[in-house]
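**Q** here is a sequence with its predicted model. Questions after.
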Protein chains: 2
Amino acid sequence: MKRVAPAVLPLIAVDRKSPTPLHRQIYNAYRAAIVGRTLRPGQALPSTRALASELGISRIPVLTAYEQLLAEGYFESRVGAGTSVSSSLPEQVPSRPSPGASQTRVDSGARPVAQRCSLLAPMQQAPWVHSWGPFGISQLALEHFPFQVWSKLMARHYRTPLLGALYYGDPMGMPDFRKAIATYLRTSRAVHCEAEQIMVVSGSQQALEISTRVLLDSGSPVWVEEPGYRFARDVLALAGCKLIPVPVDEEGLNVAAGIQRGRKARAAYVTPSHQYPLGVTMSASRRLQLLDWSQRAGAWIIEDDYDSEYRYGNMPIASLQGMDRNSRVIYIGTFSKVLFPSLRLGYIVVPQDLVTQFRTVRVALDLSPPQLHQAVLADFIRDGHFARHLRRMRQVYGERRRVLVETLRNELNCLQEVVGDGAGLHLTAMLKKGFSDRAISASASRQNLWAAPLSGAYLGEPTNQGLVLGFGSTRVEEIPRAVRKLQALCASV
Amino acid sequence: MKRVAPAVLPLIAVDRKSPTPLHRQIYNAYRAAIVGRTLRPGQALPSTRALASELGISRIPVLTAYEQLLAEGYFESRVGAGTSVSSSLPEQVPSRPSPGASQTRVDSGARPVAQRCSLLAPMQQAPWVHSWGPFGISQLALEHFPFQVWSKLMARHYRTPLLGALYYGDPMGMPDFRKAIATYLRTSRAVHCEAEQIMVVSGSQQALEISTRVLLDSGSPVWVEEPGYRFARDVLALAGCKLIPVPVDEEGLNVAAGIQRGRKARAAYVTPSHQYPLGVTMSASRRLQLLDWSQRAGAWIIEDDYDSEYRYGNMPIASLQGMDRNSRVIYIGTFSKVLFPSLRLGYIVVPQDLVTQFRTVRVALDLSPPQLHQAVLADFIRDGHFARHLRRMRQVYGERRRVLVETLRNELNCLQEVVGDGAGLHLTAMLKKGFSDRAISASASRQNLWAAPLSGAYLGEPTNQGLVLGFGSTRVEEIPRAVRKLQALCASV
């Protein structure tokens, strides 16, 4: 006989002292739940035996109630599939979902929400945000990910999980994983850090949120890059910070302009390795100016190093954090771009004197990070799979980027110049005068090309028009066709 | 031949135009990295071939540099293990970690942190918080978890992951999982909800954080239970809310006292199903009073239903949310107590008119939840394993609770009465006059008994002394011995 999956016991109470017989109480409770749409058509019901045992009564009244509900068409029963709520309900059941609908009757009384909610632009989900396909930003060559290796490491950890891996973990993250991250960052990014300074988070977004909550007050002035990363600005806005847009030029953030606009800012949010969205790398002299300002102003620098694992020139650039001699840099990074985004793993390198504060705030926000993927990734790094994957992907993406740049230069007539192609997984095609990036992006999205408009990345008036083009997920052989489609529609916009 | 795990490429730059020969540049870079402790003793180094290819130069200068570093003792090499940084470094390397240590030289300049950091009590990690063993709170009978079933479901999802499972997911959570949660909550907790109202979060803590950020401003007055859950108070304090402690009696939150102390509060945080820590269930009349007040005051109710899956009486209690006709209740729950905490999965049932705001704030905080465990748990629920697990665990915990209550009544002389044993995974042993719960807890923790002091759960002056005793992780046969140990030390405190 086919095993029937047990159903969750419905919330049914019986009162032995009531004058209403037990079978009638059970009938009434089920009927009310079905009419009230607490139980939905087709939903599995517990066996009479399970319900009787749960209610602590004999099975007979339960059987009587079930028979009546079956006879009246509230329940249906199929051999091997147990009893369920009827998928076609009898006529006397009102078709309007009555108590469920009361949830939407919210017209009465004050319903105040926090003022900060009005600080965020409503999530107008532009089609080029998170649609999968050509030019989509933050998209990866997932077909090259070593899932076989990953699966083996997964199995190692979930098949016979240790007690410690099931209970709440260390709020900072698993010690082995933090050690692996620290070694990687020292070696590959010249970050000065010990494992004790690493906090594991769900990605750059949470890293920024925690850093903001520890460091900044409502009203604190903060430098943000102009153009810059919208989701970073949202975190700062949500905390009530005053955003000071500081222009980015070919050397990165213009520190002198920042000092002019807000000498006393409490922090600067920067992406020095591969600026988002322009892709420029901050020059050494700008880095020194920025560190110098931060020390004199008593300000913090939040360095978001979101995709610099991939550099295509011969000159790797050390992190800003590695140049800092005053522990003013909070370094944040993510595995979303080097492995895959749904992992939700990233890290913060916390200055040593702030570790206690970061830890305390993190506990208040979400206690501790999930453990399984930390353990798997620690093995993945330790066993050398991470280094191998990075090396292979640098070649894959390097080739995609080369073909994209070449095709853009040859085929895209509205192209002024390509910028920001020295690192990462996206570049920006600056447009000639007269072209509107928003018009092109909107038109492209109707053909499933997800070119994001550069002008959307400005807090103030855009000074440039361009297309931010991801090349992570598009195969080399598909790139020319995508660029030609883009050219065709640019010509007609 | 043994395969050598590839090492992450160190951040080494060469300049072809420099008068310094290439091999000397490489030697200098490695020596500096080792002296500066960027590279640590024993750390694996890339092969000469990999480094030469990365730097885009011939292998000869790399070989020359490696030979010199080996000769001088910076590197060491073992057959089959490749080259690594020497585990015993030569004398000329200063033993003080110089540039790394600069991270701790933070004596100069202002280092302001957010004012909210001073609002949280420093994480004084009391030994009874999160130590594993007898009486530990929030601890489970993990030996009964169906890991074989879980493993199979895991394998189904991670072996051949779909593209959609690797990329960023829906900020609200996976649709199938939300549907499964909605069905479960309607059936088992009489929560009025549709799948669209479910937001997947990492647990009650994040649920509370997101709710607070959406609903409350700095300075907003909020009712909290007295005594109550400290980590919930921390979230509210971190958001700058003004906490109004409202006493809890045998009927739950004293609503009249709340109205007297803060009629115009913006919200109330309550645990009506199984109050933390006292374990009482809020009476029907108090529930109606609370809902009535919230509607008249335009206030929100945050209902934290953290462990009510386990009830040991015959009268299941519907959720407060299910009684609410004005959509004033934000219902939060977690899988930490029914499955295991390191899953980090919980949910919020959001009133329909607030879904957009919750979604927008969630994106700003951490984009979206990790996906693998959502998919696995959706299957676990759909295939009936969840219902079966709940049913079995209710018996396991019911038996542990019965034995604990019995033994406490027979053996613990300082016991005044047992309260809050009708549901959940903990109860409270109220102490006779003259006994200090903190003294007993401290003394017990030295014998690996993790009895938490009730007085620690008060915001103001404690009006009772008691021990909050978890019974989830202690086997029936071990309970009497643990209670006797407790009795012995109570007698000597």
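**A** Thanks, I have the structure now.
**Q** chain neighbours aside, what residue packs nearest to the closest residue to chain B within the stretch 301-450 of chain A?
**A** Here the residue of the stretch 301-450 of chain A nearest chain B is residue A:384; by Cβ to the nearest Cβ that distance is 2.7 Å. (C-beta placed from N, C-alpha, C; glycine too.) The shortest distance from residue A:384 to any residue other than its chain neighbours is 2.7 Å, reached at residue B:5 (Cβ to Cβ, 6 or more residues apart in numbering or on different chains).
**Q** number of nearby residues for the residue of the stretch 301-450 of chain A closest to chain B?
**A** Residue A:384 sits with 17 neighbouring residues when counted by other Cβ atoms under 10 Å in any protein chain shown.
**Q** and the helices in the stretch 251-400 of chain A?
**A** Here the stretch 251-400 of chain A has its helices, by DSSP state H, counting those that start in this stretch, at A:255-262, A:284-297, A:320-323, A:355-366, A:372-382, A:385-411.
**Q** of all those helices, which one is nearest residue A:165?
**A** Ranking the helices of the stretch 251-400 of chain A by their distance to residue A:165 (criterion: Cβ to Cβ) puts helix A:372-382 first, at 6.5 Å.
**Q** quick one, helices of the stretch 1-150 of chain A?
**A** Taking DSSP H, counting those that start in this stretch as the criterion, the stretch 1-150 of chain A carries its helices at A:22-35, A:48-55, A:59-71, A:98-102, A:147-158.
**Q** any chance of those helices in a markdown table, with mean pLDDT too?
**A** Below are the helices of the stretch 1-150 of chain A laid out as a markdown table (pLDDT from 0 to 100):
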| stretch | mean pLDDT |
| --- | --- |
| helix A:22-35 | 89 |
| helix A:48-55 | 86 |
| helix A:59-71 | 91 |
| helix A:98-102 | 44 |
| helix A:147-158 | 88 |
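**Q** now render those as TSV, adding distance to chain B and mean neighbour count.
**A** Compiled in TSV, those are given as follows (distance: least, Cβ to the nearest Cβ, whole Å; neighbours: other Cβ atoms under 10 Å in any protein chain shown):
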stretch	distance to chain B	mean neighbour count
helix A:22-35	8	19
helix A:48-55	7	18
helix A:59-71	14	18
helix A:98-102	5	14
helix A:147-158	5	17
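**Q** mind listing the strands for the stretch 201-350 of chain A?
**A** Counting by DSSP state E, counting those that start in this stretch, the stretch 201-350 of chain A has strands at residues A:221-226, A:242-249, A:252-253, A:267-270, A:300-304, A:329-334, A:346-349.
**Q** export these to TSV and tack on mean neighbour count and distance to residue B:212?
**A** As requested, the strands of the stretch 201-350 of chain A are exported to TSV (neighbours: other Cβ atoms under 10 Å in any protein chain shown; distance: least, Cβ to Cβ, whole Å):
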stretch	mean neighbour count	distance to residue B:212
strand A:221-226	25	22
strand A:242-249	18	22
strand A:252-253	26	33
strand A:267-270	27	23
strand A:300-304	26	23
strand A:329-334	27	24
strand A:346-349	26	22
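**Q** so how far is stretch A:66-74 off the chain centroid?
**A** 48 Å (Cα atoms, centre = their mean, to the nearest Å).
**Q** any idea which of the helices of the stretch 251-400 of chain A gets closest to residue A:50?
**A** That would be helix A:372-382 among those, by Cβ to Cβ, at 32.0 Å.
**Q** for chain A, give me the ranges with low pLDDT.
**A** For chain A, the stretches with pLDDT under 70 are A:1-4, A:90-107, A:121-124, A:163, A:314-316.
**Q** my guess is residue A:82 contacts residue A:45, does it?
**A** Yes: contact status for residue A:82 versus residue A:45: in contact at 7.1 Å, counting by Cβ atoms under 8 Å.
**Q** shared neighbours, these two?
**A** Common neighbours of residue A:82 and residue A:45 (criterion: Cβ atoms under 8 Å, 6 or more residues apart in numbering or on different chains): residue A:7.
**Q** these two: which has the busier surroundings?
**A** When residue A:82 and residue A:45 are compared for neighbours, residue A:45 comes out ahead with 23 against 18, by other Cβ under 10 Å.
**Q** packing partners of the helix or strand that contains residue A:443?
**A** Here residue A:443 sits within helix A:437-445, counting by DSSP states H and E. If you count contacts as 3 or more Cβ pairs under 8 Å, 6 or more residues apart in numbering or on different chains; DSSP states H and E, helix A:437-445 packs onto strand A:452-453, strand A:466-470, helix A:479-492.
**Q** off-centre distance for the first one?
**A** Meaning strand A:452-453. With Cα atoms, centre = their mean as the basis, strand A:452-453 stands 19 Å off its chain's centre.
**Q** do stretch A:482-493 as well
**A** Chain-centre distance of stretch A:482-493: 31 Å, with Cα atoms, centre = their mean.
**Q** mind listing what's buried along it?
**A** With burial defined by 16 or more other Cβ atoms under 10 Å in any protein chain shown, the residues of stretch A:482-493 counted as buried are A:482-483, A:486-487, A:489-490.
**Q** just to revisit the earlier point, out of the helices of the stretch 1-150 of chain A, nearest to residue B:290?
**A** Here helix A:98-102 is closest among these (Cβ to Cβ), at 17.4 Å.
**Q** returning to that earlier point: any chance of the strands of the stretch 201-350 of chain A in CSV, plus distance to residue B:75?
**A** Formatted as CSV, the strands of the stretch 201-350 of chain A follow (distance: least, Cβ to Cβ, whole Å):
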stretch, distance to residue B:75
strand A:221-226, 41
strand A:242-249, 41
strand A:252-253, 35
strand A:267-270, 36
strand A:300-304, 31
strand A:329-334, 28
strand A:346-349, 27
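**Q** now distance to chain B too, for these, in TSV please.
**A** Compiled in TSV, the strands of the stretch 201-350 of chain A are given as follows (distance: least, Cβ to the nearest Cβ, whole Å):
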stretch	distance to chain B
strand A:221-226	12
strand A:242-249	14
strand A:252-253	18
strand A:267-270	10
strand A:300-304	8
strand A:329-334	10
strand A:346-349	9
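**Q** so which of these is nearest residue B:332?
**A** Closest to residue B:332 of the strands of the stretch 201-350 of chain A is strand A:346-349 (Cβ to Cβ; 25.1 Å).
**Q** partners of the closest one in the sheet?
**A** Here strand A:346-349 is paired, per DSSP bridges, with strand A:198-201 (antiparallel), strand A:329-334 (antiparallel).
**Q** in the stretch 101-250 of chain A, what residue lies closest to chain B?
**A** Chain B sits closest to residue A:110 of the stretch 101-250 of chain A, with a gap of 3.0 Å, by Cβ to the nearest Cβ.
**Q** just give the closest residue to that residue, not the sequence neighbours.
**A** Spatial nearest neighbour of residue A:110, excluding adjacent residues (Cβ to Cβ, 6+ apart): residue B:298 at 3.0 Å.
**Q** tally of neighbours for the one you found?
**A** Close neighbours of residue B:298, defined as other Cβ under 10 Å, add up to 14.
**Q** hang on, isn't residue A:178 packed against residue A:198?
**A** Yes: at 4.0 Å, residue A:178 and residue A:198 qualify as touching, with contact defined as Cβ under 8 Å.
**Q** shared neighbours, those two?
**A** With Cβ under 8 Å, 6+ apart as the test, residue A:178 and residue A:198 both reach A:172, A:347.
**Q** still on that earlier bit, got a list of contacts for the helix holding residue A:443?
**A** Residues contacting helix A:437-445 (Cβ under 8 Å, 6+ apart): A:126-128, A:131, A:135, A:414, A:431, A:450-456, A:465-467, A:485-486, A:489-490, A:492-493.
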